[in-house]
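Asks: got a sequence here, can you model it:
(one chain, ligands or ions: 2)
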Amino acid sequence: MTMQRTFSIIKPDATRRNLTGAINSKIEASGLRIIAQKRIHMSDREAREFYAVHADRPFYNDLVSFMTSGPVVVQVLEGQNAIAAYREVMGSTNPSDAADGTIRKEFAEGIEANSVHGSDSIENAAIEIAYFFTNEEIVG
Ligand code: ATP
Ligand code: MG
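Replies: Ligands and ions are numbered 1, 2, ... in the order given. Prediction:
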């Protein structure tokens, strides 16, 4: 068990339906701590850079449009094995494959509008956190 930080986004489909608090409740109930949080409207450039790894995928342009379609809440979460722990709480990318009790099972609208993002590795967590937060904004 190692203490880790991961990067989370509450996506526009969730902020639109006023689910920020409900999602934060699930995060906190899992034991993860929200140690930084802000509501922003991602620019086209930020969304393109953030999802650059998917640039060649057929859904890339749609995904960028979706992520810039409304406010998002960006967060840093901390806890034991936070990266894997949060991905468990989120559930599978496609909500129809997600386990009962997960955020995506309960709240996601579809495979694209799936309510949350969570980092998939230690390296990406560090890159994603640094992309959206300064050290001063993270209060552990
Ligand atoms: P995220 O990176 O958002 O935490 P993930 O790691 O479960 O989710 P990725 O494979 O990294 O999934 O895909 C990134 C995002 O792109 C997904 O969360 C979803 O919003 C969108 N996406 C993934 N696959 C598809 C698809 N087949 N069609 C439409 N959108 C998709
Ligand atoms: Mg991913």
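Asks: can you name the residues that contact residue 4?
Replies: If a contact means C-beta atoms under 8 Å, 6 or more residues apart in numbering, then residue 4 has 78-83, 122, 125 as its contacts. Where you see a C-beta, it was placed from the backbone N, CA and C, and this is true even at glycine.
Asks: again, only this time at 10 Å
Replies: Neighbour list for residue 4: 32, 77-86, 119, 122, 125-126 [criterion: C-beta atoms under 10 Å, 6 or more residues apart in numbering].
Asks: that one is in what secondary structure piece?
Replies: Take DSSP states H and E as the rule and residue 4 turns out to sit in strand 3-10.
Asks: direction included, what does that strand pair up with?
Replies: Looking at strand 3-10 with DSSP bridges, its partner strands are strand 72-80 (antiparallel), strand 116-118 (antiparallel).
Asks: for that strand, buried residues please.
Replies: By neighbour count with 16 or more other C-beta atoms under 10 Å, strand 3-10 contains the buried residues 4-10.
Asks: before we move on, back to that, tell me which of the strands paired with strand 3-10 sits most buried.
Replies: Highest mean neighbour count among those (mean count of other C-beta atoms under 10 Å): strand 116-118, with a mean of 24.
Asks: closest to residue 140 among the contacts of residue 4?
Replies: residue 78 (5.8 Å; C-beta to C-beta).
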